[in-house]
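# Need a 3D model of the sequence below.
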Amino acid sequence: MDLIQRISRQFEDSARTKLEALEAMAAPIAGAVEIMTASLLGNGKILACGNGGSAADAQHFAAELVNRFEMERPPLASIALTTDSSTLTSIANDYDYNQIFSKQVRALGQPGDVLLAISTSGNSPNVIEAIAAAHEREMRVIALTGKGGGRIGEQLEAGDVHLCVPADRTARIQEVHLLVLHCLCDGIDCLLLGVEE
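This next block holds a predicted model:
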């Protein structure tokens, strides 16, 4: 096995997947930026959730908003629903693991807030439940998926935005998800700060 050649293929495949996703995803990403920015300007907040690597992405995104991305600006209201181990384990123990995010959305979400729902497959049951709870709370949903969008793609309503990576390989989808999250952070900062370039 030639490791250098294998590594090169990973880089090339990742770059190709990102370029192929650009055409399909640029306009929906811009729409998501506008929705999130309007929520933040209206004293709303962004709740983010996902499992595994997507949980890490939810935390990454929330940290970039609360702290900063690349430009200095005031903190922005965002909460990763993946971080409170006492809340997560009590819900999973007393009720059901599929409710770990939805109960938090019902507790914390308000009309005008946004749920960032991340699922590589589009079929994560607890993320699906969180989306249903967000709709009950009159929140808009930005869904970040892949593999055709799965059940989440079918669950979204008018006013929601589906950011579906046109790929089937989990690693490639997750790599595009990270780029999309950085695009969202950058776009929000640019709209809030009036950056022209």
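# ok, longest helix in this structure?
helix 3-41 (DSSP state H).
# what distance separates that helix from the middle of the whole chain?
Distance of helix 3-41 from the chain centroid (Cα atoms, centre = their mean, to the nearest Å) equals 12 Å.
# Remind me what that helix packs against, helices and strands.
Helices and strands touching helix 3-41, by 3 or more Cβ pairs under 8 Å, 6 or more residues apart in numbering; DSSP states H and E, are strand 46-49, strand 114-118, strand 140-145, strand 161-164, helix 170-193. (Each C-beta comes from the backbone N, C-alpha and C, glycine too.)
# Could you double-check that Asn126 lies in contact with Gln104?
No - contact criterion Cβ atoms under 8 Å: Asn126 and Gln104 do not qualify, at 10.4 Å.
# Not counting stretch 141-161 itself, show me its contacts.
By Cβ atoms under 8 Å, 6 or more residues apart in numbering, the surrounding residues in contact with stretch 141-161 are 28, 31-32, 35-36, 50, 54, 57, 114-124, 127-128, 131-132, 134-135, 140, 162-168, 170, 173, 176-177, 180-181, 184.
# hmm, back to that, tell me which of the helices and strands packed on helix 3-41 approaches Glu12 most closely.
Closest to Glu12 of those is helix 170-193 (Cβ to Cβ; 11.3 Å).
# C-alpha coordinates for that closest one, CSV please?
Extracted C-alpha coordinates of helix 170-193, given in CSV (Å, rounded to 0.1, in the frame of the first residue of the first chain):
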residue,chain,number,x,y,z
THR,A,170,-19.7,10.2,5.4
ALA,A,171,-16.2,11.6,5.6
ARG,A,172,-16.7,13.8,2.6
ILE,A,173,-20.2,15.0,3.8
GLN,A,174,-18.7,15.9,7.2
GLU,A,175,-15.8,17.9,5.5
VAL,A,176,-18.4,19.9,3.5
HIS,A,177,-20.4,20.4,6.6
LEU,A,178,-17.4,22.1,8.3
LEU,A,179,-16.9,24.3,5.3
VAL,A,180,-20.7,25.2,5.3
LEU,A,181,-20.5,26.1,9.0
HIS,A,182,-17.6,28.4,8.3
CYS,A,183,-19.5,30.0,5.4
LEU,A,184,-22.5,30.6,7.8
CYS,A,185,-20.2,32.2,10.4
ASP,A,186,-18.5,34.4,7.8
GLY,A,187,-21.8,35.4,6.2
ILE,A,188,-23.4,36.3,9.6
ASP,A,189,-20.4,38.4,10.5
CYS,A,190,-20.4,40.1,7.1
LEU,A,191,-24.1,41.0,7.3
LEU,A,192,-23.9,42.2,10.9
LEU,A,193,-20.7,44.2,10.4
